[in-house]
Each structure stands twice: as C-alpha cells, then as structure tokens.
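Engineer: Sequence plus the predicted model coming up.
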Amino acid sequence: MNKGNIVEIDFNSKEGREIYRHSTSHIMAHAVKEMFPEAKLAIGPATDEGFYYDFDIDRPFMPEDIAAIEKKMAGIIKKNNAFVRKTLHKKDAIQLFKKKGEVYKVELLEDIPDEEVTIYEENGFVDLCRGPHVPSTGAIKAFKLLSIAGAYWRGSEKNKMLQRIYGTAFSNEKDLKDYLDFLEEVKKRDHRKLGRELDLFSVSEEIGPGLILWHPDGALIRKTIEDFWRDEHLKADYKLLYSPHIAKLNLWQKSGHLDFYRENMYSPMEIEGIEYELKPMNCPFHISVYKSSLRSYREFPIRYAELGTVYRYERSGVLHGLLRVRGFTQDDAHIFCREDQIEDEILNILDFTLFILKTFGFESYDIYLSTQPEKYVGTSENWERATAALKQALDKKGLSYRIDPGEGVFYGPKIDIKIKDSLNRSWQCSTIQVDFNNPERFDITYRGSDGKDHKPIMIHRALMGSLERFFGVLIEHYAGIFPLWLAPVQVEILTIADRHSDYAIKAAEILKAEGIRVRVNIENEKIGHKIREATIRKVPYSVIIGDKEIAENRLTVRKRSGENIGPFTIEEFFKVIKKEVDGKQ
RNA sequence: GCCGGGGUAGCUCAGUGGUAGAGCAGCUGAUUCGUAAUCAGCAGGUCGUGGGUUCAACCCCCAUCCCCGGCUCCA
C-alpha cells in the first residue's frame, strides 16, 4: 500500500478486519492513556478474533475499569477524530517517544531496521504504527472489551509482566452480538461444566491437580471409545500391548528423555536402592517388546499399540480440565518398518486416523507438516528422505497441509492433525512422528534379506492423542449430547405410576440382555418430572410406560429433542436403536 | 512458574467485625399423577488450609493449597 493513500477495504476480508480491529485497539490505548497518563504503551495488534493492547501500569486494571474505558472509547469514536499518518526519521521518532516516556516504543523502534518509520496521530494521541488505519475513529461501529490478563513483554517470561486488555470489534452491532452469543455458547459447552452436570468426571484437590477421576458415566463412554479403538486396531493389524507405569531411571537415561524431557518428568522414587521413574512416554516399553526376540524383515511392518497412561509434569498455571492434565492415556502406537515402507505406512495411518476421527463426527482438519528443527538427531539425509515420504503421502491422499518449518521434534519430522469441532474451533489431537532417535539409542535391528542386521525406522503415532483431551473435546463438540453409541445411558424407562413398575423393569431387562445401556426410573414422581430429568441428563431415548402401553403391549418413545416416535413393540424399538448404535450416527 | 480474579452446604450463589442464608439436589412422609420441576417436613457448613490482629473474624493481616482468565509451554 502506498503511503498516505486511502484504499477501500472491506471488513469481510482478513486485512479489512485486521485494520478495523487494530484501529480499535489504538482507540482503546488512547482511552487508557487519557484515564491513566502514567501507563506505558507496549503493543496492540489485531488477533483472529479481535485485538489486545499491552500496558505497563503499576495499578492493576479492575473489571470496573473495563466499563469506564469502554465509555471513554465510545466518546472518542463519537468525536470521529481523523487518524493522521506521518512519516519521520527513526531518530526523530525515538526522540519523540523518549520525550513521552514510552520506553517500550523506543525499544521497538531500536529494532526496526528501516530509516523511516510511520506514526499515527489521532486527536493528540500518537502511536508508533505501520498502519494502515481506518480514516477516522467514527468508522468503528461496534466493539466490546472482553477481559484483562497478564502478558510478558515480548512473550518472554524473563521480561516484565504487562497488563493486557482484550477486546473485539465488528462492522455492525448484530455481528458483535452474534460473536458474543458464540462466546456464550462456548461457555455453555465448557467440558468442565458439562462434566459436572452430567457427572462424567472430576478433579479433586485431595487427589491432586491435573489428575482425572472418571465417574461411572464418563468411564462408560471411555470404555465404549476404548472398545472401538481396540477392535479397529486389531482389524488394522496392530498388536496390542500393556506396559507398566514405572521403569528404572536408567531406561530414561538411555532413551534420552532425561536429557531432552527432564522438565516434564517427575522426581524418581527409590525401590531397593534403585531409582525408578514414572513414565512420561510409552516408546521404550514397546522397543523392549520389539527387542525381546530377533526380528526379521519378513515380520515388517510391526505395529504395536497401547492405551498407555503417562505422567508429565505441567506447570500449575497451564492445567485445564481434561484438556491439559498431568496424567493421561495416549492412544499410542509404534510402527517398526524399513525406510521404503514409510510412505505406505503413513498412508495407512492417515486413512486410519481420518476414519477414526470421522466416526466421532470430525470431518474437517488442519494438517501441519513439521520439518527439521535446529537441534536434531539423525543425519540430514535421513530427515530429507523421511520428510519427503511424509509429504508424498499427504499429496497422494490429496490432503492440503501447511509446512511448519523447523517445528519437528528433535528426533524426526511429524504430521500433526488439528480437528475442527462443531463450533469450528481447532484442537490438536493426532500426531504422526518419524523417530530416528530411539532405534539408534536402543540399538534395535532387524535381519534383512541379505542376512545382515539393519536399523529399522520407527514411527510413533497417536490418533486421539490422549483419551482425556479427546474426551474433553468430544464433550464440547457434542455439547454433552452424545450420539447413541456413546451415550452412557441410551434408554431410560419412565413409569407413570407405581403399578407400571414391574412391566418397566421387565422391558429394561429385555433391552439390557441385548446390550442396550438402560436405566429405569420408577421413582414416585410425575411423568413430567421424570422426562425433565432424563432430558437434562441428555438421555437419547425415554420410554414411557403407563396403562395404555401395558394394555397395547407397545412402548411410547420420546427422543431427547422432544419428538415422539412409535409406538413400538419392544422388538421394533430394539431394531431402531440397534441400527442407530451400529451405525455410530 | 508469572500477572490478575476467586474459594461460604453435593451444585449455583447471597452474606462489609457482633448467633452462617436461599434455590436446586438429598432424606422422610403425603400424593399414584400422561410428555421439561406435586406438596409438606427434615437434615446438611472447622466459610479452602495454617497462623496472626481483636472482647469478638466468613469479613482485617500474613503464609499456603486449589480453581478461573491470560502469558509461557504442550497430547
């Protein structure tokens, strides 16, 4: 964009939104400076969802301040001040901001290589800024400040912590309202809230932070997921393993985890004079199984899978419900193969992953290919060949992906799949990683067709990532309204009066014998009450038993949506739900 | 870990130094009822934990644990 030119840009474009929100962040900074002249300005960019501005100020911002700042901003917008762009020499700009005491701006300026910089002025408020901006403050039609948070200067915890105010802006009130409604919806779906309401899991202060207790209904869902996972892995020619939760510290020395992963590992415990360590990874155990006998190229690829529970130290501030915990179960697998088998294996894994994810209703993804980082093991040729194989596989599948340069793990390149949930939010779950490190460190080999020993390639992969995180994502994805095959209680039988109890219990037994998860409510309550309770617990089907049903030997069936289906004989009803369960709809 | 906010009954939340409250859930009883809450009664708290100030602390001070929103980091 040429300097000083006015170009029309639409809010619907990414650039347009950024300019608009960036301008709003300037207006916020202006308001803050008017109210707190001692506040020093740091940075104030637009984000995907809105904008923020960081301030260095002794007095913390209070929630009440937010409303006052909003009011002030509204005033600035009403005045419709023009944003005036000025170009000046860097020295002069440094001079200007030094005089104003804006030390952060000076620091930013000193890092700008250009001789000329631009500043924007709006009714006396001056800010260093590349721009562009909206022509005047009156262009901002709808905005809202959302939250206050701490944030390190330049994102480094070595620097001073500043105070950040988050906000968002839209081109009209309706879009703003829609966005705020979206935030409400997100709050309603919060897996921690639903987890308590539906009695799925809890975290207890007594047990410890980041350690999950799966309650009966949550455990039932987990079991259903695990059964599905195991069945499909066996079908896909994986072999299932179980391994212990602790192992000798030496093992972790050998694997290199102690060098590369120490800060995420717990302190060792001593058993009969030997130190043991809680496992942060499953790989060394699978390698041990591999090494338990001589391997031939004929066996390849060897695929070991395990729902392996690992423990990792996470800093207290990062723990978050099921999404970030200290003990979790990975749906882990390690594949041993020859280098020329990598591509086929990756293709297999991609198919398998997408199939599993699709079963849970995730049909859109962001895929990332991470390449060689600065610190790495293995040879550059290894990395190149493996990265090419990953690329090739993605291309063959016609999957679009982005390359994350240098973001691979130290031991190999990887593919990460981020799933998009029903609110279009991204979650990192699946990961496929090539590992050059472990075969080397554990000196694993296979006997090739030439009768000599060779080093296999090891691929590490997790589809759901961790059961805990995946479950958290699932809860939010479905808003707690699990599809029938996952629902902990699939059918609840409700009676109108006491005299219907025997019939209800008999019906329940028939369904239960067919493998349906059924609960009977013969409590002394009105039917409206029972329906309300079943609906709140999001039970897919309520079956109502009264005089009419017994007389006709038919079931009245109400779906959790409120829709009535039937009446059915019990056999007819069973067929209906059986079909739905089998279809995993 | 860092910045800010918070922790009162199982849950949601009132309670500004002077005898701890409500709704829902729970229990008991009555009621036997047709598509999202029947009525009545009862019970339930070391006010996160430990220390301090005070005649007196849920309330003020200090420490600590945990939770929430972010930062940083990750499955």
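Structural biologist: Nice, I can see it.
Engineer: Could you check how many residues crowd around the closest residue to A:F11 other than its chain neighbours?
Structural biologist: Sequence neighbours aside, A:S171 is the residue nearest to A:F11 in space, at 3.9 Å (criterion: CB to CB, 6 or more residues apart in numbering). Where you see a C-beta, it was placed from the backbone N, CA and C, and this is true even at glycine. When neighbours are counted by other CB atoms under 10 Å, A:S171 registers 17.
Engineer: where does the residue lying closest to A:E580 once chain neighbours are set aside land in three-state SS?
Structural biologist: Spatial nearest neighbour of A:E580, chain neighbours left out: A:L484 (4.8 Å); criterion: CB to CB, 6+ apart. Three-state call for A:L484 (DSSP: H, G, I helix; E, B strand; the rest coil): coil.
Engineer: So what does A:L484 look like in phi/psi?
Structural biologist: Torsion angles at A:L484 (phi, psi; degrees, to the nearest 10) stand at phi -50, psi -40.
Engineer: Quick one: residues contacting it.
Structural biologist: Listed by CB atoms under 8 Å, 6 or more residues apart in numbering, the contact set of A:L484 reads A:490, A:540-541, A:577, A:580-581, A:585.
Engineer: RNA strand B contacts on the stretch 451-585 of chain A?
Structural biologist: Within the stretch 451-585 of chain A, the positions near RNA strand B by CB under 7 Å from any atom of the strand are A:462, A:465-466, A:468-469, A:496-499, A:524-529, A:531-532, A:535-536, A:544, A:546-549, A:556, A:558, A:560, A:562, A:564.
Engineer: out of those residues, which are inside helices?
Structural biologist: Judged by DSSP state H, helices contain the following of these: A:468-469, A:527-529, A:531-532, A:535-536, A:547-549.
Engineer: ok, of those, which come out buried?
Structural biologist: By the neighbour-count criterion of 16 or more other CB atoms under 10 Å, those include these buried positions: A:468-469, A:527, A:531, A:535, A:549.
Engineer: Determine which two of those residues are furthest apart.
Structural biologist: By the measure CB to CB, A:R469 and A:E549 form the most distant pair in these, at 43.1 Å.
Engineer: okay, stretch A:352-364 in CSV with CA atoms only?
Structural biologist: Presented in CSV, the C-alpha positions along stretch A:352-364 are these (Å, rounded to 0.1, in the frame of the first residue of the first chain):
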residue,chain,number,x,y,z
PHE,A,352,-6.9,-44.9,9.8
THR,A,353,-6.8,-41.6,11.6
LEU,A,354,-9.3,-39.9,9.4
PHE,A,355,-11.6,-42.9,9.7
ILE,A,356,-11.4,-42.9,13.5
LEU,A,357,-11.9,-39.1,13.7
LYS,A,358,-14.8,-39.2,11.2
THR,A,359,-16.5,-41.7,13.5
PHE,A,360,-16.6,-39.1,16.2
GLY,A,361,-18.0,-36.5,13.8
PHE,A,362,-14.8,-34.7,13.0
GLU,A,363,-14.7,-34.1,9.3
SER,A,364,-12.6,-31.1,8.8
